[in-house]
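1. Return atomic coordinates for the entry below.
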Amino acid sequence: MPVENSIELALYNVSDDSFIKRIRNTSLGYCCPSRPIDNQSIFVDENGDMYINCVGSFGYIPGLDAGIARIKKGETEIDENYKFNLNSATVDGLPCSLNMIGKCQYTSDGIMYGYGYAIGLDPENTNTYTARTGVPVVVDLNKKTVKVIKGLPLTNGHGMAMGIHKGKIVYGSANDSYNGFCTYDPVTGDIETKAITVTGFPSFFYSFEK
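-> Numbering: from 1, shown residues only. Below you'll find the predicted structure:
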């Protein structure tokens, strides 16, 4: 667990694997940049800006918050003018506070899909294998808004696979009815639950289709 609200990163040039600098930021007020099991938690948008999903303390330590940080194209420091604290954000459709974005998938035009993690959805259950605390959301990085995708099931903290398949956003889910995958069409708004079932918790998804 983090012990202070600091964002620390090592910046490398991938063309020759050379170290550029160490970055440290304490002004934004959140911490823990990226989630090691989510290879989409650091991504670059179509403008060349880099975004970092900071997971904070997963909501377990008050004041050690989650949020989105940005490094603008051509810069080597975190943009102090871009602040998106997820713990203090009002989430459309969520009856409690959001603790972090557990998994994310950027598409385009500032839109990121994710699995919001909210302890308040199942507050009496401290077992992360059975508590239904994961909720599918859509995040607007430009407007700094978060909205629940209605109709998709809640999941536990381990069944949080995410990806894109033929234009649809794919969510892995370990819910009360099944373990498997459901989809959301960002163009039509259509959803499909229980698109496929699996044994165990669906924590990873990759599509070989474009």
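2. what residue ranges in the protein are flagged as low confidence?
-> Applying pLDDT under 70 to the chain picks out residues 210.
3. what do you get if the cut-off is 90, keeping everything else the same?
-> Counting by pLDDT under 90, the ranges of the chain that qualify are 14, 36-37, 128, 209-210.
4. Now name the helix or strand holding residue 19.
-> strand 18-25 (DSSP states H and E).
5. And residue 92, how far from residue 145?
-> Distance of residue 92 to residue 145, computed by C-beta to C-beta, to the nearest Å: 7 Å. C-beta here means a position set from N, CA and C on the backbone, and glycine is covered the same way.
6. Please apply the same query to residue 89.
-> For residue 89 relative to residue 145 (C-beta to C-beta), the value is 8 Å.
7. who has more neighbours, those two?
-> residue 89 (19 against 15; other C-beta atoms under 10 Å).
8. what's the nearest residue to residue 143 once chain neighbours are set aside sitting at in phi/psi?
-> Of all residues not flanking residue 143 in the chain, residue 110 sits nearest, at 7.6 Å (C-beta to C-beta, 6 or more residues apart in numbering). Torsion angles at residue 110 (phi, psi; degrees, to the nearest 10) stand at phi 80, psi 10.
9. Residue 110: neighbour count?
-> 17.
10. same check, this time on residue 15
-> Residue 15 has 6 nearby residues by other C-beta under 10 Å.
11. could you measure it against residue 51, distance?
-> In terms of C-beta to C-beta, residue 15 sits 21 Å off from residue 51.
12. Residue 39 too?
-> Distance from residue 39 to residue 51, counting by C-beta to C-beta: 14 Å.
13. Show me which of the two is the more surrounded one.
-> Neighbour tally, residue 39 and residue 51, criterion other C-beta under 10 Å: the higher count belongs to residue 51, 21 against 12.
14. Would you check that that one makes contact with residue 33?
-> No: using C-beta atoms under 8 Å, residue 51 makes no contact with residue 33, being 10.4 Å away.
15. anything in contact with each of the two?
-> The contact sets of residue 51 and residue 33 overlap at 42, 69 (C-beta atoms under 8 Å, 6 or more residues apart in numbering).
16. Now do the phi/psi pair for residue 119.
-> Phi and psi for residue 119, reported as degrees, to the nearest 10, are phi -60, psi -30.
17. wait, I meant residue 121
-> Dihedral angles (degrees, to the nearest 10) for residue 121: phi -70, psi -20.
18. residues contacting it?
-> Residue 121 touches 94, 95, 96, 131, 132, 133, 135, 154, counting by C-beta under 8 Å, 6+ apart.
19. That'll do, ta.
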